[in-house]
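[1] Just need the structure, nothing else, for what follows:
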Amino acid sequence: MFKALIPAAAAIALVAFAARPQTLDASIHDVPTMTWRLNYEDQTAKLTYGVDNSDQLALMITCQPGEPMAVVYGYVQPDSPRLTPATLGPTPIDPLSGGDASESFIALNDPTLAALARDGALRVVGEAGSSVIPASVQERRLAADFLAYCGSARV
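    Model prediction:
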């Protein structure tokens, strides 16, 4: 149980720190930079928020073109009343991190996802409570591209 809490607490702390406005140069203090990324794997689009150049993700949202729902995976989840857990009951242990990252479904037209693309802010909730993950203008475009791709009827 203790082994599962350490990676979860570390990921939540990274998200909480990255969500704060940063005025100091991160490289001076060896603080990992977390950013939004958009990748495509076959027909699947993946919008991720995590540490640059690593597999350390706080949040990943995936979708297929034409599907009304996206899959949300991570230590934090969008703070939306329309978020639906993928499993009922206890969350299985994540085999990669040893933590208990959860998986949920969210409608692509959910206002929290639209706010990320429109306003550059995704309200999230996790074990440490509620916070906001910011997005730069370029990252907002990635979120808008993700939503446009997912909402299309490409085959």
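
[2] Please count neighbours and contacts with C-alpha atoms only from this point.
    Will do.

[3] quick one: contacts of the host helix or strand of Thr48?
    Assessed by DSSP states H and E, Thr48 sits inside strand 44-51. The set of residues that contact strand 44-51 without belonging to it, under CA atoms under 8 Å, 6 or more residues apart in numbering, is 32-40, 56-65, 142-143, 146, 149-150.

[4] Just want the angle from the next helix or strand after it to strand 44-51.
    Going down the chain from strand 44-51, the next helix or strand is strand 57-63, by DSSP H and E. Our comparison of strand 57-63 with strand 44-51, counting by axes from the mean of the first three to the mean of the last three CA atoms, to 10 degrees, yields an angle of 170 degrees.

[5] Which helix or strand in the protein has the lowest average pLDDT?
    helix 2-19 (a mean of 48; mean pLDDT, DSSP states H and E).

[6] what about dumping the CA coordinates of the next helix or strand along the chain from that one to PDB?
    Later in the chain than helix 2-19, the nearest helix or strand by DSSP H and E is strand 34-41. Presented in PDB, the C-alpha positions along strand 34-41 are these (Å, rounded to 0.1, in the frame of the first residue of the first chain):
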ATOM      1  CA  MET A  34       5.300  19.900 -17.500                       C
ATOM      2  CA  THR A  35       3.600  20.700 -20.800                       C
ATOM      3  CA  TRP A  36       0.700  19.700 -23.000                       C
ATOM      4  CA  ARG A  37       1.500  17.400 -25.900                       C
ATOM      5  CA  LEU A  38      -0.600  16.000 -28.800                       C
ATOM      6  CA  ASN A  39       0.300  12.800 -30.400                       C
ATOM      7  CA  TYR A  40      -1.400  10.400 -32.900                       C
ATOM      8  CA  GLU A  41      -1.000   6.700 -32.800                       C
END
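
[7] Which elements pack onto strand 34-41?
    strand 44-51, helix 137-151 (3 or more CA pairs under 8 Å, 6 or more residues apart in numbering; DSSP states H and E).

[8] which helices and strands sit right next to the longest one?
    Applying 3+ CA pairs under 8 Å, 6+ apart, we find helix 137-151 packed against strand 34-41, strand 44-51, helix 111-119.

[9] Can you check the pLDDT for Leu142?
    In the predicted model, Leu142 carries a pLDDT score of 97.
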